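Q: No letters, just coordinates:
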């Protein structure tokens, strides 16, 4: 069930207020006293009735005196209903209307729409707030089973009442520690009569001897009956196996004659071969048709039946003929739109497989500012990578130039080399000559002058050579390029780090950066699917209207075509149009026919080649050989089906037992032996019964006295009454237990599913601190990721409330097939810390695809990233 609109006439602080709700997550946000609890109670009151005036604090009667009540529009099984409830007796006056058919319904139908959910179950599971989450400390397996019975078995309330009535009737007959029930009184009376009779029989030794003998015979008779029953079961079972032997023999023969199938010859392969064969036939037929048309192109063709009619209305018909391509496109588009409807639904599963992370979570979408940053960083990263690649190439070229220039400069003949030698020689001569001077200052001056001249010749002249300048320039370029490479590498590392941080923050760290744009598009596509479906529906309606308008226009000009199908009308008009063009452009048609014939021959060759490749990959030479192999595979499949049917008819136990016998003869021998033993057991039982009858006659003779006869008669009468009462008590007890067991079987199989889903939800809510939930007879317990188990009483209040939230969410999800009710959460996350509150909101977002959720909260920051229907109560 889905709530679509809430309209409050007057309820609490609200009057004349309407709230539109959507499928999935709806967030109603407002501060304290904004009316969140009022809306929660309003939903419960409209569905199940206003509380009585004995509880005025729960009625929320309007503060301004406006009309008490309201209405809601809900959708159940694709039908919209309007539920209106105003002040009145017995929970208020209810009006129920089917909006789909615009017809009123009896108010009693509301309970059937909501069944099996009543107010108690809705409050316990589907209406969640902080006080109710605290009830997890008192949770038990019995409470969960009762909820499952309530939902899982239709009419369970009635049957639980019947079980209680049966238990009450049984207690009226007998209680283990009771005194007044009838069986308790009769047991006391039976003990007294038995004591009196035993006392009366004490004097009769023969009587006791006969009693002992009778008791021994009764014990023997009991054993003989058990043996007889066992032997009868063995005999009947062997006879049943003997009747199954022909079927078993056929099953064995099928096992021996079955052959293994060959792959590549299934139904899909047959369909593919037929498609390829059809293409060959179609291409052959088309080729022959075009050849015939080419031969007859010069011959005047017969005019279509409606061409004469066209001549009379040509001025009005020409616009319709011009629309033929568009109309054919409309027909094709109409079918494509229908296929698109199915494709949109399949696209949802494809997106999840492509984009979802390994843990099943979907990445988050980028805010606008982050998207701009990512785009800018990606562009910078591409540019920086390209620049680094370019600089690396330049560096390689410079290194190669340096390698080539350096040795060449050493070997090249330098015109200044002679000058270097001259300057060096002059410097040496001046230096040596200065040493010969008498005064020390002159020696020092001469030495410095000689050294200066030599330095000039060696270094200054050498540096002035072209080779030296070229080598120095290359060296400087290499250093500059290396510096740019280091700077570019640092920038690339910085951009990569920023992108990695964005990917980790928004859940995209499992996807390459190049795929982020596609992933973002896929995330946004979820919100666009419904809009696309509506657009497709509108387009289908528009196309149908256009086709109908076109046919009406055609019918006005050509009455013979008014009741014919669209395809036939288009074919007739196409023939008229072709004839019109043929009469005016005969030569152009010849060229077109020749081109078409060439294309048809090419298509025929391609179709024959595809068919031959298909046959060669399966090692067959012709389609006939393929069909033979296909028939062999199908025969194998039929034998398998027949064998499985025979095995199902026999049963695993019967097959196992029949396999113990070598032949039907050995089985018949076992049947005869069992029947012989059965006859012997029956004869032994008859002999014991005859002896008991004799002893009974002797006991009757010994107890013929009045006292014993009276006591025995009273005891027999009392035992008869006790047997009747005991049977009644047993019937009541068995009926009660059967009802409870049946209801538990009808719904108890869902309990493991609920616990499994609850464990998953609890792990998400607690960041996988807790990994498993176990439900005992008395309470819940949870297991830490370390393996340690904890009772609910050992958890903090917030963690315990998260446990109850996980269990209720799992209950709602698992029972969604049986009961589809919206979840109403009224400030249920107040005791969660910020991290777990955000995790809980994410879980609700994930579940909004399956359930309708109404989250009423005052936590404005927690819902900033929620993209559902946001309703602000103070607006």
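A: Looks like it came in fine. Worth saying up front: this structure is predicted, and the values here are computed from it rather than measured.

Q: now stretch 653-663: how far from the chain's centre is it?
A: Centre-to-centre, stretch 653-663 and its host chain are 44 Å apart (CA atoms, centre = their mean, to the nearest Å).

Q: Not counting its neighbours along the chain, what's nearest residue 283?
A: Once flanking residues are discounted, residue 283 sits nearest to residue 604: 3.9 Å by CB to CB, 6 or more residues apart in numbering. C-beta: built from backbone N, CA, C; applies to glycine.

Q: wait, what's in contact with the one you found?
A: Applying CB atoms under 8 Å, 6 or more residues apart in numbering, we find residue 604 in contact with 280, 283, 284, 287.

Q: name the helices or strands packed onto the helix or strand harbouring the first one?
A: Taking DSSP states H and E as the criterion, residue 280 maps to helix 267-295. On a contact count with 3 or more CB pairs under 8 Å, 6 or more residues apart in numbering; DSSP states H and E, helix 267-295 meets helix 586-616, helix 623-650.

Q: Residue 830 - that's part of a strand, no?
A: No: Residue 830: not assigned to a strand; according to DSSP: H, G, I helix; E, B strand; the rest coil it is coil.

Q: For it, give me the pLDDT.
A: At residue 830, the pLDDT value in this model is 89.

Q: Tell me which residues touch it, please.
A: Residue 830 touches 130, 859, counting by CB under 8 Å, 6+ apart.

Q: mind checking the backbone torsions on it?
A: phi -70, psi -30 (degrees, to the nearest 10).

Q: shift numbering so it begins at 5
A: Okay, using 5 as the starting number, the last item reads as residue 834.

Q: Walk me through which strands the helix or strand hosting residue 77 pairs with, and which way each runs.
A: Per DSSP H and E: residue 77 is located in strand 73-80. Next to strand 73-80 in the sheet, as set by DSSP bridges, lie strand 6-15 (antiparallel), strand 83-90 (antiparallel).

Q: related to what we said a few turns ago, what is the most widely separated pair among the contacts of residue 608?
A: 284 and 291 (10.5 Å; CB to CB).

Q: quick one, domains of this structure?
A: 6-133+824-876, 280-352+537-620 (automatic domain parsing).

Q: Deepest-packed of these, please.
A: Stretch with highest mean neighbour count among these: domain 6-133+824-876 (a mean of 17; mean count of other CB atoms under 10 Å).

Q: Ends of it, what's the gap?
A: 21 Å (CA to CA, to the nearest Å).

Q: Could you do stretch 100-113 as well?
A: 8 Å.

Q: ok so, going back, select, out of the helices and strands packed on helix 271-299, the one closest to residue 244.
A: helix 627-654 (10.8 Å).

Q: what is the orientation angle of that closest one with helix 271-299?
A: Between helix 627-654 and helix 271-299, the angle comes out at 150 degrees (axes from the mean of the first three to the mean of the last three CA atoms, to 10 degrees).

Q: Just list what helix 627-654 packs against, helices and strands only.
A: Short answer (3+ CB pairs under 8 Å, 6+ apart): helix 627-654 packs on helix 209-261, helix 271-299, helix 590-620.

Q: Now do that helix and helix 209-261, the angle between them.
A: Interaxial angle, helix 627-654 versus helix 209-261 (the same axes, to 10 degrees): 180 degrees.

Q: Enumerate the positions of helix 627-654 that are buried.
A: 627, 630, 633, 634, 637, 647, 650, 651, 654 (16 or more other CB atoms under 10 Å).

Q: Next, give me the two most distant ones among these.
A: 627 and 654 (40.2 Å).

Q: so who does residue 875 touch?
A: 23, 30, 31, 32, 33.

Q: quick check, nearest of these to residue 852?
A: Closest to residue 852, out of all of these and judged by CB to CB, is residue 30, at 8.8 Å.

Q: So what's the predicted local confidence for that closest one?
A: pLDDT recorded at residue 30 is 95.

Q: My read is that residue 574 contacts residue 335, right?
A: Yes: if you go by CB atoms under 8 Å, residue 574 and residue 335 touch, sitting 7.3 Å apart.

Q: how about residue 774, phi and psi?
A: According to degrees, to the nearest 10, residue 774 has phi -120, psi 130.

Q: how about the nearest residue to it, chain neighbours excluded?
A: The spatially closest residue to residue 774, leaving aside those adjacent along the chain, is residue 786, at 4.7 Å (CB to CB, 6+ apart).

Q: tell me which element that neighbour is part of?
A: strand 784-788.

Q: Can you name every helix or strand that that strand contacts?
A: For strand 784-788, the elements it packs on are strand 774-779, strand 793-795, helix 801-818, judged by 3+ CB pairs under 8 Å, 6+ apart.

Q: about what we covered before: which of the helices and strands packed on helix 627-654 has the lowest mean pLDDT?
A: What stands lowest among the helices and strands packed on helix 627-654, in mean pLDDT terms, is helix 590-620, with a mean of 72.

Q: quick one on the thing from earlier: the helices and strands packed on helix 627-654 into TSV, with extra columns for distance to residue 118?
A: Below are the helices and strands packed on helix 627-654 laid out as TSV (distance: least, CB to CB, whole Å):
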stretch	distance to residue 118
helix 209-261	50
helix 271-299	46
helix 590-620	58
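
Q: among those helices, which is nearest residue 697?
A: Comparing those by CB to CB, helix 209-261 comes nearest, at 10.1 Å.

Q: hang on, the earlier thing: in terms of mean pLDDT, which of the domains of the chain ranks lowest?
A: domain 280-352+537-620 (a mean of 74).

Q: roughly how far is it from the heart of the chain?
A: Distance of domain 280-352+537-620 from its chain centroid, counting by CA atoms, centre = their mean, is 43 Å.

Q: circling back to that earlier point, out of the contacts of residue 608, who's nearest residue 722?
A: residue 284 (95.9 Å).

Q: what about that closest one, distance to residue 623?
A: 20 Å (CB to CB, to the nearest Å).

Q: Likewise for residue 863?
A: Following CB to CB, the distance that separates residue 863 from residue 623 is 69 Å.

Q: by contact count, what packs against whichever strand or helix holds residue 136?
A: Assigned by DSSP H and E, residue 136 falls within helix 134-137. Using 3+ CB pairs under 8 Å, 6+ apart, the elements in contact with helix 134-137 are helix 801-818.
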